[in-house]
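Chemist: build me a model from this:
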Amino acid sequence: MRGGTFRYLSKQGLSSLSKNKLMTFASIGVLSACLFLISAALLLSVNLNSIIRYVEEQNEIVIFLDDLSEEKLAEADNQIRAIEGLNSVTFVSKADALKEQAAELGDAILEGLQDDNPLPDSYRIKISAYTDLALTVSSLEAIEGVIQVNAPSNLAETLASIRQTVLIISISVVTALILVTMVVIANTIKLTVFARKLEINIMKQVGARNNFIRFPFMIEGGTLGFLAAVVSIIFSLSAYQAILALTAKESASWMSAVYNNLIPLADLWWIIVIINITIGVITGVISTIASVKKHLKV
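Modeler: Residues are numbered from 1 along each chain as shown. Modelled structure (predicted):
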């Protein structure tokens, strides 16, 4: 397509937006709302995953050991640290465990236990992925000298279920909203095509190719998607910044924990921009092609 032809067809597509101002305004409003909800679903999903990872990191596996010789203890230590997927491994001797209990319960309660310490040596372990918890526990239990492994299995199952549910809901919402976006743009283009039906018929009669007729409508659909994306980006980023500011002011410890694990706007803004513009423009063009196709059969 030559430069002059491209400019002419682009101008025709853009002029349709100004000729149908009311429909253009309504379409941009609906599309912006759809794209805003898509952004909200994505932001909610990534931040929930971040918070879930934080909750996982706060829980640990505790391993209790039998009375082992220094040689056996060193061997068990090597086997524990060799297991894949462990974020941190902390050894707690029976003497240190007794001191911790004394600090919590008071020295008087533990008086006389220094010479006959009933507490076992132990390890406190944090893992990188709770989806591997069952395998990790099984590997730890198989180590010689390990008498008990305490692991938050129920929590791991709950977190995995929440993560999967959030993922399914986010995908469903995004898919549904993209379809709604395509329907809105397609209906807008249909009105434009109907208004120009006589013009299209004349162009077909004089030998104009389908791509020549279709291109202005593609420009119109893509522009609608782009303008809606810009509006959605402004509202999405402003709303997210407001939420970050609101949670930052809360003094409650759990709110502070939530705020500290929300993803900063600086790390997300470019993703929101790309996703909104990509979805807006592509759905605009695709829905236009589908809408115009049957109207070209004149």
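Chemist: roughly how far does A228 sit from I282?
Modeler: From A228 across to I282, the span is 12 Å (CB to CB, to the nearest Å). C-beta coordinates here come from the backbone N, C-alpha and C atoms, glycine included.
Chemist: of these two, which one has the most company?
Modeler: A228 (30 against 16; other CB atoms under 10 Å).
Chemist: how much space between that one and S170?
Modeler: Applying CB to CB, the value for A228 to S170 is 20 Å.
Chemist: now swap in V231 and tell me
Modeler: V231 sits 22 Å away from S170, taking CB to CB as the criterion.
Chemist: quick one: the helices in the stretch 101-250 of the chain, in order.
Modeler: Here the stretch 101-250 of the chain has its helices, by DSSP state H, counting those that start in this stretch, at 133-141, 153-195, 197-205, 210-249.
Chemist: which elements pack onto the longest one?
Modeler: Based on contacts counted as 3 or more CB pairs under 8 Å, 6 or more residues apart in numbering; DSSP states H and E, the elements that helix 153-195 packs against are helix 21-58, helix 133-141, helix 210-249, helix 265-293.
Chemist: spatially central residue for the protein, please.
Modeler: By CA atoms, centre = their mean, the mean C-alpha position of the chain lies nearest to V46, the distance being 2.8 Å.
Chemist: could you list the paired strands of the helix or strand where N87 lies along with their orientation?
Modeler: Assessed by DSSP states H and E, N87 sits inside strand 86-92. If you go by DSSP bridges, strand 86-92 pairs up with strand 122-127 (antiparallel).
Chemist: outside of the strand it pairs with, which residues touch it?
Modeler: Identification of contacts with strand 122-127 by CB atoms under 8 Å, 6 or more residues apart in numbering yields 56-57, 59-65, 80, 85-92, 97, 133, 136, 140.
Chemist: just the buried ones from those residues?
Modeler: Among the contacts of strand 122-127, those scoring as buried are 56, 60-61, 63-65, 80, 86, 91-92, 97, 133, 136, 140 (criterion: 16 or more other CB atoms under 10 Å).
Chemist: ok, the residues you listed vs N117, which is closest?
Modeler: Nearest to N117 among these is A97, at 8.1 Å by CB to CB.
Chemist: contacting residues around the closest one?
Modeler: Listed by CB under 8 Å, 6+ apart, the contact partners of A97 are 119-122.
Chemist: what's the neighbour count on Y123?
Modeler: Neighbour count for Y123, taken as other CB under 10 Å: 22.
Chemist: G145 now?
Modeler: G145 has 19 neighbours, counted by other CB under 10 Å.
Chemist: so it sits against L65, correct?
Modeler: Yes: with contact defined as CB atoms under 8 Å, G145 counts as touching L65 (5.3 Å).
Chemist: what's the pLDDT at the closest residue to S39 other than its chain neighbours?
Modeler: Excluding its sequence neighbours, the residue lying closest to S39 (CB to CB, 6 or more residues apart in numbering) is S236, at 3.9 Å. S236 carries a pLDDT score of 94 in this model.
Chemist: next one: the one 4 residues further on
Modeler: According to the model's per-residue confidence, Y240 sits at a pLDDT of 94.
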